[in-house]
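1. sequence below, structure please.
(chains A, B, C and D)
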2 protein chains.
Amino acid sequence: MQKDILPVLKRYGYKLTPQRRAVISAIAGSSNHVTPAELCERARSEHPKVSLVTVYRTLKILSDLGLICEMHTEGISHSYLLRRPDEHHHHIVCSDCGLVVDFTECDLSGLERQLSSETGFEMEHHLLEFIGRCPGCRR
Amino acid sequence: MQKDILPVLKRYGYKLTPQRRAVISAIAGSSNHVTPAELCERARSEHPKVSLVTVYRTLKILSDLGLICEMHTEGISHSYLLRRPDEHHHHIVCSDCGLVVDFTECDLSGLERQLSSETGFEMEHHLLEFIGRCPGCRR
DNA sequence: TACCTAATTGATAATCGTTTTCATTTAAGG
DNA sequence: CCTTAAATGAAAACGATTATCAATTAGGTA
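-> Numbering: from 1, shown residues only, chains lettered A, B, ... in the order given. This next block holds a predicted model:
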């Protein structure tokens, strides 16, 4: 997890401050999507002096490097998740506890081809997310 | 378009004020998704005294009645589109001009069933959106 | 047509999430 | 160690959205 992230930051010339380590460790240790405010709280349990501003800045870096996914589930504030599979993938999100499971076999190429020829659109990308209840929350 | 919307509002006891008519006419007359601020501007061309607050309130009503779709494309402010097909449907959005085309044939039931059995999730709904360039913007 | 009343409006202020500013601190290479 | 550019946190700025409240108005009723 962090073992993968930290060297990447270093390679790009970012300094490995305790605050950054705490934020990264917090997001890497969560299998749920988290908002910046939640992430800040979790990071503080590891390093009490993490400011929300630093959380935003760290998320910006991770996002620029393609290391996190922004979730599309509606809500007031954005939420993020560590990018786990390297490949193109999508998410299944539990509407109850927020657990996120990744999946990579999205075969939308047929639908995409059909819609392209019907509408004349040249597709660039797509956005797919399943929302449901995870085994744990179903009892 | 508006011909469908106005009676619904009336049926639910909402008053048909000139401001509301202007907002509804503005969103009904657009085949692009619009932000509240854009909608306010367009509504003002019909009724100069439409306040942004009223736009937000009207959007809230339309949303509660299921008459508009909230778009998932990232951005600072939300954007909305009149709900055109009654059925379950999704959108193809032009990344250049914002044109939105609806489609109803999304056969995700196979994928959904497969993912359900693999993960144990009980699916509630899904979110699908294609982003591409429309025929006009491709020249 | 002329009220009546509850719903609606707009101005203003409040709120929430996010970004910028800037002076101080610090990681990390020499 | 030293040095320096990068990173930090506090505070303020900012943009989108929501709440407050007094004044206006749609639409039913006398």
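2. any idea what the closest residue to residue A:108 other than its chain neighbours is bridged to?
-> Spatial nearest neighbour of residue A:108, excluding adjacent residues (Cβ to Cβ, 6 or more residues apart in numbering or on different chains): residue A:126 at 6.1 Å. Backbone N, C-alpha and C define where each C-beta goes, glycine included. Beta-bridge partners of residue A:126, counted by DSSP bridges, are residue B:130.
3. ok, residue A:24 to DNA strand C distance?
-> For residue A:24, the distance to DNA strand C (Cβ to the nearest atom of the strand, to the nearest Å) stands at 12 Å.
4. one more: residue A:9?
-> Counting by Cβ to the nearest atom of the strand, the gap from residue A:9 to DNA strand C is 8 Å.
5. wait, what's in contact with the nearest residue to that residue once chain neighbours are set aside?
-> Using Cβ to Cβ, 6+ apart and skipping the chain neighbours, the partner closest in space to residue A:9 is residue A:16 (6.5 Å). Residue A:16 makes contact with A:6, A:9-10, according to Cβ atoms under 8 Å, 6 or more residues apart in numbering or on different chains.
6. how near is residue A:16 to DNA strand C?
-> The gap separating residue A:16 from DNA strand C is 4 Å, by Cβ to the nearest atom of the strand.
7. contact partners for residue A:61?
-> A:9, A:14.
8. assumed it was part of a helix.
-> Yes: with DSSP: H, G, I helix; E, B strand; the rest coil as the criterion, residue A:61 is located in a helix.
9. pLDDT score for it?
-> What the model reports for residue A:61 is a pLDDT of 98.
10. equivalent analysis for the one 3 residues further on, please.
-> At residue A:64, the predicted lDDT confidence score is 97.
11. who's in contact with it?
-> Neighbouring residues of residue A:64 by Cβ under 8 Å, 6+ apart: there are none.
12. need the three-state assignment for the residue of chain A most remote from its centre.
-> Most distant residue from the mean C-alpha position of chain A: residue A:118, 33.0 Å away (Cα atoms, centre = their mean). Recorded secondary structure, residue A:118: helix (three-state DSSP).
13. run a quick neighbour tally on residue A:106.
-> Neighbours of residue A:106 under the rule other Cβ atoms under 10 Å in any protein chain shown: 15.
14. enumerate every residue touching the residue nearest the centre of chain A.
-> The centre of chain A sits closest to residue A:81, judged by Cα atoms, centre = their mean, with a distance of 2.3 Å. Contacts for residue A:81 (Cβ under 8 Å, 6+ apart) come out as A:27, A:30, A:32-34, A:68-69, A:71, A:91, A:100.
15. same thing but at 6 Å, please
-> Residues near residue A:81 by Cβ atoms under 6 Å, 6 or more residues apart in numbering or on different chains: A:33, A:69, A:100.
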